[in-house]
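Colleague: Just the structure for this:
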Amino acid sequence: RKGLLFSPTPGPCCTTTSGEGTEKGFRCVENLKMQTWQMAIVMFIMYWIAVELTSNITITHTANYEDPLLTYDEKYLSEDNFKTISSFMNGSDMVEYLTDRAAASGKGFAIENWARFNVEGLKKLCYGEELRILCTPFLNELRIEGSNTFVLRAMVQLPTAYNMSASFFTASMGVQGVDTDPAVQDRWKQWVPQMVNFLHVQVPEGMVGGQLQVFEDMRPDERELSYLSTEGPAHIAKLTTNSLHSLRGDAYWTFTDYDLPDDGREKHERRRVSIYLMQYTLTKASYTETHDLLLWELPQPSIKTALAFGSMLFACGGAAIGVAATQKQQKEGNVFKVVVAALGGFAVGGSIGAGSTLALDWVYTSGLELFFFANAWCQDHYVISPTVTAWFLLTSVLSISWTALVLGAGWVWRKVAGEEAVDEASEGLKAFIQGEAPVSIKDSQLRKMEKKKKGGDAEPEPKAAKKD
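Modeller: Numbers count the residues shown, from 1 in each chain. The predicted model follows:
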């Protein structure tokens with residue numbers, strides 16, 4: 001027998017004493033040896049996967065605990081350097097992208113990795129074009145001796161009106177440092193920064209709130225919200241333009257919400273913009289797994305996945321409709337026509353799905369721009385809140401558009417295929433969903449008779465229908 005390893009009793013080829021049986025027995029033994037090796041390899045792979053999945057990630061700190069938890073420099077950059085960096089930041093695609101994200105999310109903030117690099121990548125970054133302007137006055141000056149891995153992030157925060165006023169303890173941002181996707185992690189270790197440096201590039205005048213809150217880490221072996229056992233934040237710092245806050249890497253932190261007077265300033269003048277550098281000192285084994293330089297790129301919407309999914313979804317639907325519409329042929333056993341109808345429905349449905357996906361992509365892109373415009377408009381014209389008003393308008397437009405699309409598609413189908421084909425396909429789909437397809441279905445002539453009966457104008461049934 002094949003598959004001796006899973007047989008409850010040995011096969012007859014292993015119990016015979018004749019020459020032929022002995023030859024078969026040798027083959028059975030060889031098969032058993034081969035299957036044993038195969039099972040050993042499979043068991044080893046399963047064991048390795050189980051170890052990989054169940055191994056605990058070690059929290060590895062690189063901070064020097066003799067350093068203060070927070071240090072502050074009120075005027076970090078010279079006037080010329082600050083003007084250069086401020087102009088660069090406020091004109092960058094990154095800050096504009098984060099501003100739109102913060103406005104669309106309704107939370108009022110957005111954070112994104114701008115660059116991830118090691119020592120070799122720092123050289124490439126400083127000799128490159130995109131972020132070279134940040135090297136001399138910021139990255140090189142702040143670099144700690146011995147640090148070898150870095151993450152540069154940008155942050156944008158917009159004014160909000162939570163609880164109708166800014167608060168020292170109202171932070172929509174949430175506490176940072178409890179990362180489900182840590183900035184630096186290898187197979188076995190989650191690395192905690194040695195130092196985190198914040199440079200506040202733009203702080204709006206008249207800002208109420210927006211303080212930096214810093215919390216101590218009470219349990220170094222875990223990165224959890226264990227700071228809640230302490231009596232609030234260890235430090236609360238006020239922000240000013242061109243100020244620098246340096247946090248010890250193990251600290252947790254957040255920025256509270258802020259509010260601004262309605263004085264007619266534009267959105268880009270009301271936002272708070274900061275960049276911050278996370279510095280790590282990794283061991284050699286972990287350092288070899290880092291990338292030299294990974295730079296952020298402005299997300300370009302790709303519809304390849306949506307196009308494939310939409311095409312396949314409509315193609316399968318078209319095939320199902322084609323099968324459901326050929327129940328008469330199914331009843332007659334004409335498999336060829338059923339297959340042709342299914343393939344034809346598959347092709348037509350796929351074409352409709354591809355066209356619909358492209359159209360929806362255009363609608364989505366245009367709708368996103370419309371949403372940003374509506375969200376900005378709702379900041380001054382709203383009911384309850386700007387976000388609620390914007391979402392109400394968006395869902396109303398989508399509901400009306402979808403209803404119009406469905407009604408229009410139904411009207412076109414009835415005009416092209418006719419009422420009878422539509423009704424036959426509908427009944428076939430209902431039967432298919434209920435698990436009763438294929439079932440016998442009344443022909444078109446009998447359906448006409450039933451419609452006339454329902455209308456009170458009954459006629460004698462045709463002989464073919466009676467025989468049926």
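Colleague: tell me, how many neighbours does D73 end up with?
Modeller: 13 (other CB atoms under 10 Å). The C-beta positions use only the backbone N, C-alpha and C, and glycine is treated the same way.
Colleague: Please state the backbone phi and psi of it?
Modeller: phi -130, psi 110 (degrees, to the nearest 10).
Colleague: And the one 10 residues further on, by the same measure?
Modeller: Torsion angles at K83 (phi, psi; degrees, to the nearest 10) stand at phi -60, psi -40.
Colleague: Any figure for the gap between it and D423?
Modeller: 73 Å (CB to CB, to the nearest Å).
Colleague: cool, and I111?
Modeller: According to CB to CB, I111 and D423 sit 56 Å apart.
Colleague: And N242, by the same measure?
Modeller: 73 Å.
Colleague: Pick out whichever of these two has more residues nearby.
Modeller: N242 (21 against 14).
Colleague: and the nearest residue to the more buried one once chain neighbours are set aside, how many neighbours?
Modeller: Nearest-residue entry for N242: F82, 4.9 Å, with adjacent residues in sequence omitted and distances by CB to CB, 6 or more residues apart in numbering. Counted by other CB under 10 Å, the residues lying close to F82 total 17.
Colleague: Could you check the pLDDT of V422?
Modeller: Per-residue pLDDT puts V422 at 66.
Colleague: what do you get for C28?
Modeller: pLDDT at C28 comes out at 62.
Colleague: Over to T326?
Modeller: Confidence score, pLDDT, at T326: 70.
Colleague: Please name the residues that touch it.
Modeller: Counting by CB atoms under 8 Å, 6 or more residues apart in numbering, T326 touches 337-338, 341.
Colleague: Can you lay out the residues you listed as TSV showing secondary structure?
Modeller: As requested, the contacts of T326 are exported to TSV (DSSP: H, G, I helix; E, B strand; the rest coil):
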residue	secondary structure
K337	helix
V338	helix
A341	helix
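Colleague: of those, closest to N140?
Modeller: Closest to N140 out of the contacts of T326 is A341 (70.0 Å), distances taken as CB to CB.
Colleague: Next, work out how far apart the residue nearest to that closest one when sequence neighbours are not counted and V339 are.
Modeller: Nearest residue to A341 in three dimensions, chain neighbours excluded: G322, at 3.9 Å (CB to CB, 6+ apart). Applying CB to CB, the value for G322 to V339 is 9 Å.
Colleague: Give me the more crowded residue out of the two.
Modeller: Shown here are G322 and V339; by other CB under 10 Å, G322 has more neighbours (23 against 14).
Colleague: Just the pLDDT for that one.
Modeller: For G322, the predicted pLDDT is 70.
Colleague: Just confirm it is within a helix.
Modeller: Yes: counting by three-state DSSP, G322 is found in a helix.
Colleague: show me what contacts it?
Modeller: Neighbours of G322 in contact, by CB under 8 Å, 6+ apart: 341-346.
Colleague: List just the nearest of the residues you listed to E222.
Modeller: Closest to E222, out of all of these and judged by CB to CB, is F346, at 53.2 Å.
Colleague: Can you name the residues that contact that closest one?
Modeller: 315-316, 318-319, 322.
Colleague: before we move on, what SS does E112 have?
Modeller: strand.
Colleague: That one touches T99, doesn't it?
Modeller: No: using CB atoms under 8 Å as the test, E112 is too far from T99 to be in contact (11.3 Å).
Colleague: Please identify which of the contacts of G322 is nearest to V214.
Modeller: Nearest to V214 among those, with distances taken as CB to CB, is F346, at 60.3 Å.
Colleague: Let me know the pLDDT of S87.
Modeller: 93.
Colleague: give me the element it is part of.
Modeller: According to DSSP states H and E, S87 maps onto helix 79-90.
Colleague: Can you identify each of the helices in the stretch 101-250 of the chain by residue range?
Modeller: Counting by DSSP state H, counting those that start in this stretch, the stretch 101-250 of the chain has these helices, from start to end: 119-127, 140-142.
Colleague: Output the ones you listed in CSV; the columns should cover distance to L398 and mean neighbour count.
Modeller: Formatted as CSV, the helices of the stretch 101-250 of the chain follow (distance: least, CB to CB, whole Å; neighbours: other CB atoms under 10 Å):
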stretch, distance to L398, mean neighbour count
helix 119-127, 43, 16
helix 140-142, 47, 14
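Colleague: closest to R248 out of those?
Modeller: Taking the helices of the stretch 101-250 of the chain one by one with CB to CB, helix 140-142 is closest: 14.0 Å.
Colleague: can you pull out the strands in the stretch 151-300 of the chain?
Modeller: 189-192, 195-202, 208-209, 212-215, 235-237, 244-248, 252-255, 258-259, 272-280, 293-295 (DSSP state E, counting those that start in this stretch).
Colleague: need the least confident one among the ones you listed, by mean pLDDT.
Modeller: Among the strands of the stretch 151-300 of the chain, strand 189-192 carries the lowest mean pLDDT (a mean of 82).
Colleague: And T71, how far from V214?
Modeller: 11 Å.
Colleague: Looking at those two now, which is surrounded by more residues?
Modeller: Between T71 and V214, counted using other CB under 10 Å, V214 has the larger neighbour count: 21 against 13.
Colleague: Tell me who's in contact with that one.
Modeller: Here V214 is in contact with 69-70, 233-237, 247, 251-253 (criterion: CB under 8 Å, 6+ apart).
Colleague: Filter those down to just the buried residues.
Modeller: 69-70, 233-235, 237, 247, 251-253 (16 or more other CB atoms under 10 Å).
Colleague: Among these, which one sits closest to Q279?
Modeller: Closest to Q279, out of all of these and judged by CB to CB, is L247, at 10.9 Å.
Colleague: Could I get the CA-only coordinates of stretch 127-139 as PDB?
Modeller: Written as PDB, here are the backbone C-alpha positions of stretch 127-139 (Å, rounded to 0.1, in the frame of the first residue of the first chain):
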ATOM      1  CA  TYR A 127      25.300  63.900   0.100                       C
ATOM      2  CA  GLY A 128      21.800  63.500  -1.400                       C
ATOM      3  CA  GLU A 129      19.400  66.200  -2.500                       C
ATOM      4  CA  GLU A 130      16.200  65.600  -0.600                       C
ATOM      5  CA  LEU A 131      17.200  66.100   3.100                       C
ATOM      6  CA  ARG A 132      20.700  67.400   2.900                       C
ATOM      7  CA  ILE A 133      19.600  70.700   4.300                       C
ATOM      8  CA  LEU A 134      18.800  69.000   7.600                       C
ATOM      9  CA  CYS A 135      22.300  67.500   8.100                       C
ATOM     10  CA  THR A 136      24.600  70.200   9.300                       C
ATOM     11  CA  PRO A 137      22.500  72.200  11.700                       C
ATOM     12  CA  PHE A 138      20.300  69.400  12.900                       C
ATOM     13  CA  LEU A 139      21.300  65.700  12.400                       C
END
